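Peer 1: what follows is a predicted protein model with its sequence.
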Amino acid sequence: MKRLMSGNAALGEAAILSGCDAYFGYPITPQNELTEHMAKRMPEVGGVFIQSESEIAAINMVLGAAAVGARAMTSSSGPGISLKQEGISYLVADELPAVVVNMVRGGPGMGNISPAQSDYFQATRGGGHGDYRTVVLAPGSVQELTEIVPLAFDLADKYRNPVMILGDGMLGQMMEPIDFDTLVKPADYPKEYLLTGAEGRCARSIYSLIFDTKLQEEHNWKLHRKFQLMEENETRWEAHLIDDAEMIVVAYGIGARIAKGAIKRLRDEGLKVGMIRPITLWPFPGKVLRDLAKSVNNFFVFEMSTGQMVEDVKLSLEGKGQIHFYGRPGGVVPMPIELYRIISRHMLQAQAGKRKKR
Amino acid sequence: MKTVYKRPSLLKEASFHYCPGCGHGIINRLLMEVLEEMDLGAKAVCVAPAGCGMLLYNYFEIDVIESAHGRGAAVATGIKRCRPDNLVFSYQGDGDLAAIGTAEGFHAANRGENITVIFVNNGVYGMTGGQMAPTTLLDQVTTTTPLGRASDLAGHPVRICEVFAQLDGTSYLERCAVNKPAAVVKTKKAIRKAFQRQVEGCGFSLVEILSPCPTSWHMDTMESCKWVDEVMAKQFPLGVVKEVPCS
């Protein structure tokens, strides 16, 4: 049965159905419906809910909960995620699982509460201090958002690493009919690191202070090998109308949804445009772009920022192909028709340039 | 033959890294003595701080998690809410609890979290080399108050117990010291009472312990022990600051 829910509330419900034991949050728009949903539902399912005194406290409560085996989650938006970065770095260093949600709003600074994609760098480069990565999942619809939640918890447990769900204000606020029936609760992993009291076993400890530089280096390489495994096994993307495409749009999240609308119009006009939508922003699906560059010359990157993912596209293409970019930062959400006009102009100019060269 | 003194079974056979005359070693030992006597070692989870106390896992034969600087009470909250049957305590210094972690400590106290905070007050940032702490006394010379702490520029020493006493969520707050045998005995009693109250579900408890730091105070051991009584305890009066009946 389908239920009409906001993305934020649907995410919360999906977390509960995924076995989330503990949620810690601090109010910030545009993700409040998620915190409010958890406030109502967690007591009903015997879970832990705390409205913390700050985002810093929330992420550290998550760390404590994860250390004793809870499936723990916190959520926020840009400015609050900046505060959580301290704890995310510790979670990675301590190899503790957690899910962190960022419903991105316009920034930098206080910015505004409108949808944006300006936290891409922060999310995909680790964000906090030290040498680390987190898997970043970027759903493109409310339904996909609910499907990505159990995956996020699973990946967190599988790799003992925090996982970030990167949405935006629109995805969090918009209401869509959601089907939870297909949601599968992630498996339980054996956790021999939990601090549940040293009953019948030796005492355990969880820490990230490693004075010995050689041991710290080895720890960093160990984490790095995990990140390599994530790159090998967890890269996800959606290919849309790429078989005959002469131009590939690269867009993610709600940006990809806008681009899909634009592509429909472009196709109606006979312009062969397809799309690669990264679902994992890290690991980034660079190989699929590299492979496409063998037959496609034009890549059009659309982001609701001044251009962040475009750098990953450039890195992925290794100098091949022509990269076009269109960005709308600051919380502006363009209509598909605007993107259609821009893409068609770039495409026609690219075609004209190609003819001239001949 | 009667055993009158031994290493508590919960204290590992490792040498403390603490400076000569430092109070941390005594406090570490007291904690493990109390847990052993109360038979709570297998249930205990300790949250270690950033600061001189951060290597507790090298000494304690109980589960220990390191916390980021100041976040001990938040980490302890996460643990206790998910595992209410464990005995959960954070071990925090004055910079940790009274400066960078004020919000986390204050709100855990205000929520009445059923945890215990062991608050080691030595009036300086020991680990980083003796900078001013929120608890540094007025006129006290530190590396960042070379002319002595001046209230107009650097504020006043913070009395955490008295501040927390204002919060309805706190159940038991006592200030002790470890500068002489009688004070050590009192500190042990206070720790025991705090843990007992947590077991009974009474809510937030905190034991503040005035602890000598001869290295950063630039005093010898005997002088610093005297200084705790003669100077420090004037600003931080010893005794029970708050004890409410356990409901």
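Peer 2: Looks like it came in fine.
Peer 1: for the closest residue to residue B:187 other than its chain neighbours, what are its contacts?
Peer 2: For residue B:187, the nearest residue in space outside its immediate sequence neighbours is residue B:176; the separation is 3.9 Å by Cβ to Cβ, 6 or more residues apart in numbering or on different chains. Glycine gets a C-beta too; all of them are placed from N, C-alpha and C. Contact partners of residue B:176, counting by Cβ atoms under 8 Å, 6 or more residues apart in numbering or on different chains, are B:183, B:186-187, B:190, B:207-210, B:238.
Peer 1: element containing residue B:176?
Peer 2: With the criterion set as DSSP states H and E, the secondary-structure element containing residue B:176 is strand B:170-177.
Peer 1: give the pairing partners of that strand; include direction for each.
Peer 2: Taking DSSP bridges as the criterion, strand B:170-177 sits next to strand B:204-210 (parallel), strand B:239-243 (antiparallel) in its sheet.
Peer 1: just to revisit the earlier point, and which of the contacts of residue B:176 is nearest to residue B:114?
Peer 2: Of all these, the one with the least separation from residue B:114 (Cβ to Cβ) is residue B:207, at 15.1 Å.
Peer 1: in the sheet, who's paired with the closest one?
Peer 2: According to DSSP bridges, residue B:118, residue B:174 are recorded as the beta-bridge partners of residue B:207.
Peer 1: assign a three-state SS to the residue in chain A that chain B sits nearest to, would you?
Peer 2: Among residues of chain A, the one nearest chain B by Cβ to the nearest Cβ turns out to be residue A:64. It sits 2.6 Å away. Three-state call for residue A:64 (DSSP: H, G, I helix; E, B strand; the rest coil): helix.
Peer 1: touching, it and residue B:76? I think so.
Peer 2: Yes: Residue A:64 lies in contact with residue B:76 (Cβ atoms under 8 Å); the separation is 6.4 Å.
Peer 1: what is in contact with these two at once?
Peer 2: When Cβ under 8 Å, 6+ apart defines a contact, the residues bordering residue A:64 and residue B:76 alike are residue B:47.
Peer 1: picking up where we left off before, dump the residue contacts of the closest residue in space to the residue of chain A closest to chain B that isn't next to it in sequence.
Peer 2: Taking Cβ to Cβ, 6+ apart, and ignoring the residues beside it in sequence, residue A:64 has residue B:78 as its nearest neighbour in space, at 2.6 Å. Applying Cβ under 8 Å, 6+ apart to residue B:78 gives the contacts A:22, A:24, A:60-68, A:70, A:72.
Peer 1: what about residue B:78, which helix or strand?
Peer 2: Using DSSP H and E, the secondary-structure element containing residue B:78 is helix B:72-82.
Peer 1: helix or strand right after that helix?
Peer 2: Next along the chain after helix B:72-82, taking DSSP H and E as the criterion, comes strand B:87-93.
Peer 1: so for the helix or strand following that next one, mean pLDDT?
Peer 2: Sequence-wise, the next helix or strand beyond strand B:87-93 is helix B:94-95, with elements assigned using DSSP H and E. Helix B:94-95 shows a mean pLDDT of 97 in the predicted model.
Peer 1: all helices for the chain, in order.
Peer 2: This is for chain A. Assigned helices in chain A, in chain order: A:7-17, A:32-44, A:55-67, A:78-94, A:120-124, A:142-159, A:169-173, A:213-233, A:253-268, A:286-292, A:309-317, A:336-357 (criterion: DSSP state H).
Peer 1: wrong chain, I was asking about chain B
Peer 2: With DSSP H applied, chain B shows helices at B:24-37, B:72-82, B:94-95, B:102-110, B:151-154, B:160-165, B:181-199, B:214-217, B:221-227, B:233-235, listed in chain order.
Peer 1: who in chain B is up against chain A?
Peer 2: Chain B comes close to chain A at residues B:41-45, B:47-48, B:54-55, B:57, B:60-68, B:71, B:74-83, B:86-87, B:103-104, B:106-107, B:111, as judged by Cβ under 8 Å from any Cβ of the partner chain.
Peer 1: 6 Å instead?
Peer 2: Applying Cβ under 6 Å from any Cβ of the partner chain, we find that chain B lies next to chain A at B:42-43, B:45, B:57, B:61-66, B:68, B:71, B:74-75, B:77-79, B:81-83, B:86, B:103-104, B:107.
Peer 1: for residue A:191, what are its contacts?
Peer 2: Residue A:191 makes contact with residue A:69, according to Cβ atoms under 6 Å, 6 or more residues apart in numbering or on different chains.
Peer 1: now it: how far from residue A:67?
Peer 2: Computed as Cβ to Cβ, to the nearest Å, the residue A:191 to residue A:67 distance reads 10 Å.
Peer 1: common neighbours of those two, please.
Peer 2: Contact criterion Cβ under 6 Å, 6+ apart; no residue bridges residue A:191 and residue A:67 by contacting each.
Peer 1: how many residues are close by residue B:187?
Peer 2: 29 (other Cβ atoms under 10 Å in any protein chain shown).
Peer 1: meant to ask about residue A:164
Peer 2: Applying the criterion other Cβ under 10 Å, we find 26 residues in the vicinity of residue A:164.
Peer 1: looking at chain B, which residue is nearest chain A?
Peer 2: Closest contact between chain B and chain A, by Cβ to the nearest Cβ, is at residue B:78 (2.6 Å).
Peer 1: where does that residue land on pLDDT?
Peer 2: For residue B:78, pLDDT reads 98.
Peer 1: could you do residue B:142 as well?
Peer 2: 97.
Peer 1: tell me who's in contact with the spatially closest residue to it that is not a sequence neighbour.
Peer 2: Leaving out its chain neighbours, the residue that sits closest to residue B:142 by Cβ to Cβ, 6+ apart is residue B:132, at 4.5 Å. When the contact criterion is Cβ under 6 Å, 6+ apart, the partners of residue B:132 are B:142, B:144-145, B:149.
Peer 1: report the separation between residue B:132 and residue B:24.
Peer 2: Remark: distance between residue B:132 and residue B:24 (Cβ to Cβ) = 19 Å.
Peer 1: end to end on stretch A:21-30, go ahead and measure it.
Peer 2: 23 Å (Cα to Cα, to the nearest Å).
Peer 1: hmm, who's touching that stretch?
Peer 2: With Cβ under 6 Å, 6+ apart as the criterion, stretch A:21-30 contacts A:35, A:38, A:42, A:47-50, A:52, A:54-55, A:58, A:61-62, A:65, A:70-77, A:80, A:103, A:105, A:113, A:169, A:172-173, B:82.
Peer 1: what is the distance between stretch B:102-114 and the centre of its chain?
Peer 2: The chain centroid and the centroid of stretch B:102-114 are separated by 15 Å, computed with Cα atoms, centre = their mean, to the nearest Å.
Peer 1: I'd like the average pLDDT over it.
Peer 2: Taken as a whole, stretch B:102-114 has a mean pLDDT of 98.
Peer 1: what angle do the lowest-mean-pLDDT helix or strand in chain A and helix A:253-268 make?
Peer 2: The element with the least model confidence among the helices and strands of chain A, by mean pLDDT, DSSP states H and E, is helix A:336-357, at a mean of 91. With axes from the mean of the first three to the mean of the last three Cα atoms, to 10 degrees as the basis, helix A:336-357 and helix A:253-268 are set at 60 degrees to each other.
Peer 1: dump the residue contacts of the residue nearest the centre of chain B.
Peer 2: For chain B, the residue whose C-alpha lies nearest the mean C-alpha position (Cα atoms, centre = their mean) is residue B:119; its distance is 2.2 Å. Contacts for residue B:119 (Cβ under 6 Å, 6+ apart) come out as B:92, B:97, B:206, B:208.
Peer 1: which pLDDT does the model give residue 41?
Peer 2: Picked chain A for this. Looking at residue A:41, its pLDDT stands at 98.
Peer 1: was after chain B, sorry
Peer 2: pLDDT, residue B:41: 98.
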